[in-house]
Each structure stands twice: as C-alpha cells, then as structure tokens.
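S.K.: Sequence first, then the predicted structure:
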Amino acid sequence: APPKPLAVVLMAEDAANRQKAEKSGISCTSVRKYIEGMKDSTQLLDLLAAEGSNDIKPTKAAAGRQALYPD
C-alpha cells in the first residue's frame, strides 16, 4: 500500500502568521490550542505564557529605540 500523505500544520503564536497561513490554505493552530487537545494537557498548559495570549495582536518593532545603558 502506498504511504499516506503527511499532514502539515503550522503552530504559531503570532496571529498575523496564522492569518497568512489560513489565506494560503495551510492548516494552523496556536500552541495552546494544540496542547489543550492532548491527553494530560494540564501538565503542559501551566508552562505556557498567560492564558489569552492567543488574542494578543502582533506588534511592530519600535523605530529608534534608545539604549538602556548609553555609552
């Protein structure tokens, strides 16, 4: 029998990357949602960032950041 095709799933915490993947037809999920679907997920969920981080909007790097400790 021929091998079954692999299913590729993008796991990303960045909402913009997940949106791009969805528009391109790539299956995607957040790490939190993936872990929630696992058996014994409670052991791993406490190791993740604060709940609700799925809703954090992507940020842009601030231009012209200043050094914390100027020379």
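M.R.: Received, thanks. Numbering: from 1, shown residues only.

S.K.: Other residues contacting the lowest-mean-pLDDT helix or strand in the chain?
M.R.: Least confident helix or strand, the chain: helix 42-45 with a mean of 80, by mean pLDDT, DSSP states H and E. The contact list for helix 42-45, computed with CB atoms under 8 Å, 6 or more residues apart in numbering, reads R32, I35, E36, M38. Any C-beta I mention is one placed from the backbone N, CA and C, and that applies to glycine too.

S.K.: I'd say A12 and R32 touch.
M.R.: No. Using CB atoms under 8 Å, A12 is not in contact with R32, being 11.1 Å away.

S.K.: residue contacts, the closest residue to A12 other than its chain neighbours?
M.R.: Once flanking residues are discounted, A12 sits nearest to R18: 5.5 Å by CB to CB, 6 or more residues apart in numbering. The contact partners of R18, by CB under 8 Å, 6+ apart, come to L10, A12, C28, T29, S30.

S.K.: Take these and keep only those in strands.
M.R.: L10, C28, T29 (DSSP state E).

S.K.: Name the residues of the host helix or strand of the residue nearest to A12 that come out as buried.
M.R.: R18 belongs to helix 15-23 when assigned by DSSP states H and E. For helix 15-23, burial by neighbour count (16 or more other CB atoms under 10 Å) applies to R18, A21.
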